[in-house]
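Visitor: sequence and predicted model, in that order:
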Amino acid sequence: MYSQLFHMSPIYLLSDMCFTDFSSEDFFDSEEPSYEYMHGGYCALDIGDTLISTYFIIRKLGWGFSSTVWLCWNIETSSYVAVKVMKGAPKFLHITRNEVQLLKITISNHHEYQNHVVKFLDHFTVLGDNGVHACIVFELAGQTLSEFKSINYLNMNCMKDISRQILKGLYYLHEVCDLVHTDLKHDNILVLTSETLGQKLALEVYEVLNTTNVPRDFTSNLPENKRKIRQPSNEYERPLFESKVIEYHRFLQNEMERLGIIHMTYTGSSNSSSSHYTSDSYEWGVANPGDFRRPVDYYSTNFKPQRRKHSEDNDEKIFVKIADLGYAYKNNAFEFDYIQAREFRAAEVVLGGKLGKPVDIWSTACITYQMVTGEYLFDPNLNDFQHIERMTEILGDIPDKVCNQSRLKAEFYDEDGKLLSNNVEQISLTHHLQERGFSKSESLTFSDLILSMLHWDSDERFTAAQCLNHPWFHSY
């Protein structure tokens with residue numbers, strides 16, 4: 001049955017799964033809940049494991065409600081990839097089947113904006129202790145936009161470029177693939193910089209494996225009572241932790257030497273209780289070694305990256321891709337009518353109106369506004385009624401046409417279409433931006449773009465193509 005969900009793709013067994021006995025420490029708040037490692041929950045993986053004899057796990061990249069994402073080395077193609085491993089409950093197989101079908105559409109069309117959507121490479125299923133886990137393989141992209149903003153104080157030109165590239169990705173999804181993303185947010189926008197990400201992450205792993213404590217965010221956030229140590233099967237097999245470090249360093253040594261980045265020499269032995277690598281020569285033919293330096297407390301739990309000083313000279317070239325089509329739909333084929341994260345949720349979603357591609361334009365407006373101003377356009381803690389109040393403050397009264405076509409209008413409006421609230425005060429987005437320090441001309445142009453993307457009437461809302469032609473993107 002499971003194989004049929006993936007067009008008869010085979011189910012691979014996660015045999016001999018084993019886990020390093022890391023030192024006991026408090027779980028990081030930013031990691032997936034350890035209690036979700038149960039039947040139907042997250043797949044228990046660890047660095048050094050190999051999926052379907054092809055994908056060698058280097059470290060965990062992140063996690064979400066339904067999956068964990070891992071940096072892997074594709075042994076067959078000698079390339080870095082990102083593998084999303086879904087939870088083991090049967091419903092996630094169905095969710096992934098839908099996502100894979102849509103991902104195949106994104107790689108079957110050819111367009112100049114196609115590279116602004118993360119490239120789908122492969123899919124398979126594995127059988128672990130917690131169930132059958134669907135896995136999707138993507139090209140290795142980069143940090144999420146929310147992570148990137150935390151360590152980079154971008155100038156206006158960079159932010160315009162990011163927003164422009166998001167819209168190019170949307171144009172490709174909407175106009176070429178006829179897809180609606182429905183879940184656009186900072187966490188689903190990936191940012192690539194000029195650094196070679198795979199090399200950077202591999203070097204971080206090299207540094208970590210020379211320390212005594214591996215950060216929990218590098219591996220599965222398993223409860224301590226579920227962490228296992230594989231016992232040596234014979235006298236020639238080394239203890240697990242040491243053998244894993246050795247295997248890992250051999251992989252890194254081969255990869256670094258292949259790229260001409262660094263030459264490493266293993267200095268451990270089978271009789272020693274610990275092993276490590278030292279760098280006896282540096283041949284940085286690919287990148288400047290300064291690009292890979294890390295602060296001493298980089299792996300401590302309280303390390304906070306410092307924002308770069310705002311500077312008009314900070315024109316780092318970045319590349320943006322839209323990721324995660326797990327909740328996407330073919331246009332006009334919506335299965336659910338309550339979509340999107342609260343702060344990015346379109347008016348028609350809250351009101352029970354017609355859903356389509358304009359919901360993504362609304363989300364992009366919210367993403368762009370938050371990126372440029374540093375504040376939410378719509379607070380994520382609002383309830384539905386407060387959300388409509390805030391929309392009314394920014395957009396004015398709802399048009400009769402939109403109100404009458406809204407299935408849930410009685411929850412917010414009286415019979416005459418008047419909002420059931422006296423707490424609304426109209427605000428000028430242009431004036432607010434000027435109070436935030438924007439020039440008058442910049443405030444006028446930017447607010448015009450945002451409001452054009454936030455029309456109550458989704459039929460009047462800008463398309464991705466119209467947004468790309470807006471003067472804000474062409475003013476410097």
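Guide: Ah, there it is. Note that the structure is predicted; figures quoted are calculated from it, not measured.

Visitor: quick one: low-confidence residue ranges for the stretch 151-300 of the chain.
Guide: Within the stretch 151-300 of the chain, the stretches with pLDDT under 70 are 151-153, 193-199, 201-218, 224-300.

Visitor: can you rerun that using 80?
Guide: For the stretch 151-300 of the chain, applying pLDDT under 80 flags the ranges 151-154, 193-300.

Visitor: which stretches of the protein form strands?
Guide: Under the criterion DSSP state E, the chain contains strands at 11-13, 50-51, 55-63, 67-74, 79-86, 120-128, 131-139, 143-144, 179-180, 189-192, 262-266, 277-282, 319-322, 329-330.

Visitor: worst average pLDDT in those?
Guide: Ranked by mean pLDDT, the strands of the chain end with strand 277-282 at the bottom, a mean of 27.

Visitor: which residues touch the residue nearest to Ile58 when sequence neighbours are not counted?
Guide: Nearest residue to Ile58 in three dimensions, chain neighbours excluded: Leu71, at 4.5 Å (CB to CB, 6 or more residues apart in numbering). Where C-beta positions appear, they are placed from N, C-alpha and C, glycine not excepted. Applying CB atoms under 8 Å, 6 or more residues apart in numbering to Leu71 gives the contacts 57-61, 80-82, 140, 198, 201.

Visitor: got it, and Lys418?
Guide: Contacts for Lys418 (CB under 8 Å, 6+ apart) come out as none.

Visitor: re the thing from before, show me what the residue nearest to Ile58 is bridged to.
Guide: According to DSSP bridges, the residues that bridge with Leu71 are Arg59, Ala82.

Visitor: count of neighbours near the nearest residue to Leu222 once chain neighbours are set aside?
Guide: Spatial nearest neighbour of Leu222, excluding adjacent residues (CB to CB, 6+ apart): Tyr37 at 5.2 Å. Other residues near Tyr37 come to 21 when the count uses other CB atoms under 10 Å.

Visitor: roughly how far does Tyr37 sit from Phe56?
Guide: For Tyr37, the distance to Phe56 (CB to CB, to the nearest Å) stands at 22 Å.

Visitor: Gln143 too?
Guide: Going from Gln143 to Phe56 by CB to CB gives 22 Å.

Visitor: Phe334 - how many residues pack around it?
Guide: Neighbourhood size, Phe334 [other CB under 10 Å]: 15.

Visitor: pretty sure it contacts Leu355?
Guide: Yes. Judged on CB atoms under 8 Å, Phe334 makes contact with Leu355 at a distance of 5.2 Å.

Visitor: intersection of neighbour lists for these two?
Guide: Val180.

Visitor: tell me how many other residues crowd Leu382.
Guide: Neighbours of Leu382 under the rule other CB under 10 Å: 18.

Visitor: that one and Trp73: what is the separation?
Guide: As for Leu382, its distance to Trp73 is 44 Å (criterion: CB to CB).

Visitor: ok, Leu145 next?
Guide: Separation of Leu145 from Trp73 (CB to CB): 26 Å.

Visitor: repeat for Gln466
Guide: In terms of CB to CB, Gln466 sits 42 Å off from Trp73.

Visitor: who has more neighbours out of these two?
Guide: Trp73 (22 against 14).

Visitor: isn't that one up against Leu51?
Guide: No. Look at Trp73 against Leu51 with CB under 8 Å: they stay out of range, at 10.8 Å.

Visitor: neighbours of Asn221, how many?
Guide: 20.

Visitor: again with Asp122
Guide: Residues near Asp122, counting by other CB under 10 Å, number 16.

Visitor: where exactly do the helices run in the protein?
Guide: Per DSSP state H, the chain carries helices over the ranges 2-5, 90-108, 145-151, 156-171, 197-208, 240-259, 347-351, 358-373, 384-395, 400-404, 429-435, 440-452, 464-468.

Visitor: out of those helices, the one nearest Ala134 is which?
Guide: helix 90-108 (3.7 Å; CB to CB).

Visitor: now the closest one: mean pLDDT?
Guide: On average, helix 90-108 scores 94.

Visitor: could you do stretch 421-439 as well?
Guide: 93.

Visitor: so Ala465 is in contact with Tyr171, correct?
Guide: Yes. With contact defined as CB under 8 Å, Ala465 reaches Tyr171; the gap is 6.0 Å.

Visitor: the two - which one has more neighbours?
Guide: Taking neighbours as other CB under 10 Å, Ala465 and Tyr171 compare with Tyr171 leading, 19 against 13.

Visitor: how far away is the more buried one from Leu179?
Guide: Tyr171 is 11 Å from Leu179, by CB to CB.

Visitor: just Lys185 next, same as before
Guide: Applying CB to CB, the value for Lys185 to Leu179 is 17 Å.

Visitor: higher neighbour count, those two?
Guide: Leu179 (24 against 19).

Visitor: residues in contact with the more buried one?
Guide: Counting by CB under 8 Å, 6+ apart, Leu179 makes contact with 102, 105-106, 173, 325, 328-331.

Visitor: quick one: neighbours of the residue lying closest to it once chain neighbours are set aside, just the number.
Guide: Using CB to CB, 6+ apart and skipping residues adjacent in sequence, the residue nearest Leu179 is Leu173, 4.6 Å away. Residues near Leu173, counting by other CB under 10 Å, number 28.
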